[in-house]
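Student: Whatever this is, show me its structure:
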Amino acid sequence: MHDDAPGGHGRFGALDIRSVGERDIVLSRRFAARPALVFEALTTPELLLRWMHGPDGWRMVECEFEATVGGRYRYVWHGPGGRSMAAAGVVEQLAPPTRLVTVERFEDDWTGGDVTSVITLSGDVESTLLTATSTHVSRAARDTALASGMERGVEAGYVRLDGLLAERTASDAHTDR
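Tutor: Here you go, the predicted model:
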C-alpha cells in the first residue's frame, strides 16, 4: 500500500492501493479484457457471484444488483467459523462501460457509515484499467477499512475476476469467428 503515491497502473494483475487525503482509499488494477466486459462483471449478479468472494474461506452467497440509476443492491458473504457479512446500497451513477458510482453501508456498520465508491474504467479492446475510489465518512473509518484486511479480499476477488474475464474474452473471440 502507498500513501499518496502513484504506481501499479501499467502492470497486469498488480493491485495498487493507497490512502489519499483524509478519507479516500484508491485501488487500481489492470485487467486483460475490454472495459465492457469488466463493467458487465461489476454489475451482473450472476457474474458477481462468481468472483466477488474475498479472501480464502469467504464466499459471496447472495447477490442482488439492479443496474439502473437509483437501483438497489445487496451482497451477503459467509466466512470461516460461521461468520457472515452483508452490505447494501444504491447506484448513484451508471455510465456503461466507463463509470459506476455507488453508496453502500455494511449492515453491521463496521466502516462507520456510508461509503461512496466511484469506479472508472478506461482502456481498449485488449485491456482495462479499473480505478476505484472509496470515500469514507472520516479518516478513522477509512483507517478501519484499511486495517480490516480488505486488500487481501480485493486481491483474491480480482484474481478470480481475471479468470472469469479470460473465459468471457475467449468466448467472445470464438463467437466472432
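Student: For the rest of this, base every contact and every neighbour count on C-alpha atoms.
Tutor: Fine.
Student: Which helix or strand contains Asp56?
Tutor: Using DSSP states H and E, Asp56 sits within no helix or strand.
Student: Start at 870, not 1
Tutor: New numbering, starting at 870: the last item is Asp925.
Student: Not counting sequence-adjacent ones, nearest residue to it?
Tutor: For Asp925, ignoring the flanking residues on the chain, the nearest one in space by Cα to Cα, 6 or more residues apart in numbering is Ala1025 at 7.6 Å.
Student: To what extent is that neighbour buried, counted in neighbours?
Tutor: By other Cα atoms under 10 Å, the residues close to Ala1025 number 17.
Student: from memory it sits against Gly926, does it?
Tutor: No: counting by Cα atoms under 8 Å, Ala1025 stays clear of Gly926, with 10.8 Å between them.
Student: Identify, by residue count, the longest strand of the chain.
Tutor: Longest strand in the chain, counting residues (DSSP state E): strand 953-964.
Student: Which strands or helices does that one pack on?
Tutor: Counting contacts by 3 or more Cα pairs under 8 Å, 6 or more residues apart in numbering; DSSP states H and E, strand 953-964 is packed against strand 941-947, strand 968-975.
Student: want to throw those into JSON lines with distance to Leu906?
Tutor: Formatted as JSON lines, the helices and strands packed on strand 953-964 follow (distance: least, Cα to Cα, whole Å):
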{"stretch": "strand 941-947", "distance to Leu906": "20"}
{"stretch": "strand 968-975", "distance to Leu906": "13"}
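Student: follow-up on the earlier one: now the longest strand of the chain: mean pLDDT?
Tutor: Mean pLDDT, computed over strand 953-964, is 97.
Student: between that strand and strand 941-947, how big is the angle?
Tutor: Strand 953-964 runs at 150 degrees relative to strand 941-947, counting by axes from the mean of the first three to the mean of the last three Cα atoms, to 10 degrees.
Student: Relative to strand 953-964, what are the paired strands and their orientations?
Tutor: Applying DSSP bridges to the sheet, strand 953-964 is found paired with strand 941-947 (antiparallel), strand 968-975 (antiparallel).
Student: Can you check the distance spanned by stretch 889-906, start to finish?
Tutor: End-to-end distance for stretch 889-906: 28 Å, by Cα to Cα, to the nearest Å.
Student: Okay, helices next: where are they in the chain?
Tutor: 904-912, 914-920, 1008-1016, 1019-1044 (DSSP state H).
Student: so how far is the first one off the chain centroid?
Tutor: The offset between the C-alpha centroid of helix 904-912 and the centroid of the whole chain comes to 11 Å, using Cα atoms, centre = their mean, to the nearest Å.
Student: can you tell me how far the nearest residue to Tyr1027 once chain neighbours are set aside sits from Ala1010?
Tutor: Nearest residue to Tyr1027, sequence neighbours excluded (Cα to Cα, 6+ apart): Trp920, at 7.3 Å. Separation of Trp920 from Ala1010 (Cα to Cα): 26 Å.
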